[in-house]
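Enquirer: Turn this into a model:
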Amino acid sequence: MALVRLMDRLTGLVGMGGACLVLPLSAVMVWEVLSRFVFDLPTFWAYELAYMMTGAHFSLGVAYVLREDAHIRIDFLHARFPRRVKKAIDLVVLTGFVLPVVWLIAWRLVNVAWEAYSVGEVSGESGWNPVIWPLRGIVAFGFCMFSLQIVAEIVKAAQITFGREPPA
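Expert: Numbers count the residues shown, from 1 in each chain. Next up is the predicted model:
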C-alpha cells in the first residue's frame with residue numbers, strides 16, 4: 001500500500017533526524033564536563049540544552065524504532081510463534097491498546113505545546129531560561145509520527161494476519 005510505504009519513508013527521515021542529535025548532544029555533554037571539572041567553570045545552559053536534545057532525540061526516534069521492530073518485547077513466547085500468529089498478536093495489541101494510548105498522549109502533547117507557545121512559557125531551570133514551546137512542539141510532533149507509524153504497522157500486521165503479504 002502506497003500510504004504505508006510513504007509513512008515508512010517519512011518515519012525513516014524523521015528518525016534519522018533524531019539520530020543526528022546524538023553528536024551535538026555528546027558535544028554539549030563533553031563541554032559541560034570539561035568546563036565543570038577541568039576549568040571549574042560550570043555552564044548554566046548545558047543541562048537545559050542536553051535535556052531538550054535528549055527529549056527531541058527520543059520522541060523523533062520512537063516511530064523509527066517501531067518501524068524497525070527494535071523495541072523491547074518480552075520475547076520468550078512471542079519468538080516461538082509462526083509469523084502470522086506474531087502479527088495477529090501485534091494487530092490486537094497495537095489496535096486495542098497502543099494506538100489509543102499513544103494517540104491520547106499525542107493529542108495532549110499538541111495541546112501542551114500550543115499552550116506553551118501561547119503563554120511564552122520558559123523553562124525556569126537555569127539562568128538561560130529559554131522558551132520551552134519548541135521542545136514541546138518537537139515532542140508532540142514525534143508522538144504524532146509515532147501514532148501514524150502505529151497505524152502503518154496495524155495495516156501491515158492485518159495484511160500478514162489475513163494472508164495478504166505486503167510486497168517487500
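Enquirer: Now find how far off-centre stretch 107-116 is within its chain.
Expert: Offset of stretch 107-116 from its chain centre (CA atoms, centre = their mean, to the nearest Å): 16 Å.
Enquirer: Phe44 - how many residues pack around it?
Expert: 11 (other CB atoms under 10 Å). C-beta here means a position set from N, CA and C on the backbone, and glycine is covered the same way.
Enquirer: can you check Gly137 too?
Expert: 18.
Enquirer: wait, it sits on Glu115?
Expert: No. Look at Gly137 against Glu115 with CB atoms under 8 Å: they stay out of range, at 11.2 Å.
Enquirer: quick one: the helices in the chain?
Expert: Taking DSSP state H as the test, the helices found in the chain are 2-19, 22-33, 46-67, 75-78, 83-93, 99-119, 133-161.
Enquirer: Buried ones in the longest one, by neighbour count?
Expert: Taking 16 or more other CB atoms under 10 Å as the neighbour-count basis, helix 133-161 is seen to contain the buried residues 133, 135-154, 156-161.
Enquirer: how about Trp128, what does it touch?
Expert: 44-45, 48 (CB atoms under 8 Å, 6 or more residues apart in numbering).
Enquirer: swap the cut-off to 10 Å and go again
Expert: 43-49, 122 (CB atoms under 10 Å, 6 or more residues apart in numbering).
Enquirer: For these, pick the one with the most neighbours.
Expert: Glu48 (21 neighbours).
Enquirer: which sections of this protein are below the confidence cut-off?
Expert: Scanning the chain for pLDDT under 70 picks out the ranges 166-168.
Enquirer: Mind doing that once more with 90?
Expert: Counting by pLDDT under 90, the chain shows low-confidence ranges at 1-2, 36, 40-47, 69-80, 124-128, 163-168.
Enquirer: Save the contacts of Trp128 as JSON lines, and put in distance to Arg5 too.
Expert: What follows is the contacts of Trp128, written out as JSON lines (distance: CB to CB, whole Å):
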{"residue": "Thr43", "distance to Arg5": "44"}
{"residue": "Phe44", "distance to Arg5": "46"}
{"residue": "Trp45", "distance to Arg5": "41"}
{"residue": "Ala46", "distance to Arg5": "40"}
{"residue": "Tyr47", "distance to Arg5": "40"}
{"residue": "Glu48", "distance to Arg5": "38"}
{"residue": "Leu49", "distance to Arg5": "36"}
{"residue": "Val122", "distance to Arg5": "41"}
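Enquirer: just curious, which of those residues is nearest to Leu10?
Expert: Among those, Leu49 lies closest to Leu10 (CB to CB), at 26.8 Å.
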